[in-house]
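Participant: compute the structure for the input listed below.
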Amino acid sequence: GKSTLVSAVSEIRPLRTEEVMTERSIGVDDTSAVAGKTTTTVAMDFGRITLPNGLVLFVFGTPGQDRFWFMWDELAKGALGAVVLVDTRRLADCFASVDYFERRGVPFIIGVNQFPDSGMHSADQVRDALDVSPDIPVIYCDVRERESAKQVLITLVEHIMRTMSTGRAPAY
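Facilitator: Just a heads-up that it's a prediction; the model follows:
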């Protein structure tokens, strides 16, 4: 979903580093909840959005697998905020991302990427399952749709602005 989100919102042709999964990923990447998954991001995805006031947002999609986490510290330098994109069929995969941003005090939101077979869960259920503060926004989305993906980023920017206006980091 991260590569799809970047592609959906970018005003430029996004840089994508998707590669076909090979037999080397067997036992390393768990695809049991997403049987049709045949590719994975091996570095990062990059896109750009220019807002009407001229502010430019750089949007990065990072690989989720542990073996690529060495890149997160570099990509997070200077980041104003983050989206933890959640697939409720694989909720446990999100704990490390939530923990990463909480420990670094980076404002983040939860984007629940909806799939036909993922079931419906309330924002409070998702928040409770991920053990995040009530002030962390939870937004439902279908990142294949540009408007839905844009709303995720709008929610993130609004959350960052609220966080900055209070002069304190949210209570994670």
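Participant: start and end of stretch 121-139, how far apart?
Facilitator: End-to-end distance for stretch 121-139: 11 Å, by CA to CA, to the nearest Å.
Participant: in it, what's buried?
Facilitator: Within stretch 121-139, the residues scored as buried using 16 or more other CB atoms under 10 Å are 121, 126, 127, 130, 132, 136, 137, 138, 139. Just so you know, the C-beta spots here come from the backbone N, C-alpha and C atoms, and that holds for glycine as well.
Participant: let me have those residues in a markdown table, extended by pLDDT.
Facilitator: Formatted as a markdown table, the buried residues of stretch 121-139 follow (pLDDT from 0 to 100):
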| residue | pLDDT |
| --- | --- |
| 121 | 87 |
| 126 | 94 |
| 127 | 95 |
| 130 | 95 |
| 132 | 96 |
| 136 | 96 |
| 137 | 97 |
| 138 | 97 |
| 139 | 97 |
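Participant: what is the nearest of the residues you listed to residue 88?
Facilitator: Checking the buried residues of stretch 121-139 against residue 88 with CB to CB, the nearest one is residue 121 at 5.6 Å.
Participant: contacting residues for the closest one?
Facilitator: 88, 112, 129 (CB atoms under 8 Å, 6 or more residues apart in numbering).
Participant: want to throw those into a markdown table with pLDDT and secondary structure?
Facilitator: Formatted as a markdown table, the contacts of residue 121 follow (pLDDT from 0 to 100; DSSP: H, G, I helix; E, B strand; the rest coil):
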| residue | pLDDT | secondary structure |
| --- | --- | --- |
| 88 | 87 | helix |
| 112 | 96 | strand |
| 129 | 94 | helix |
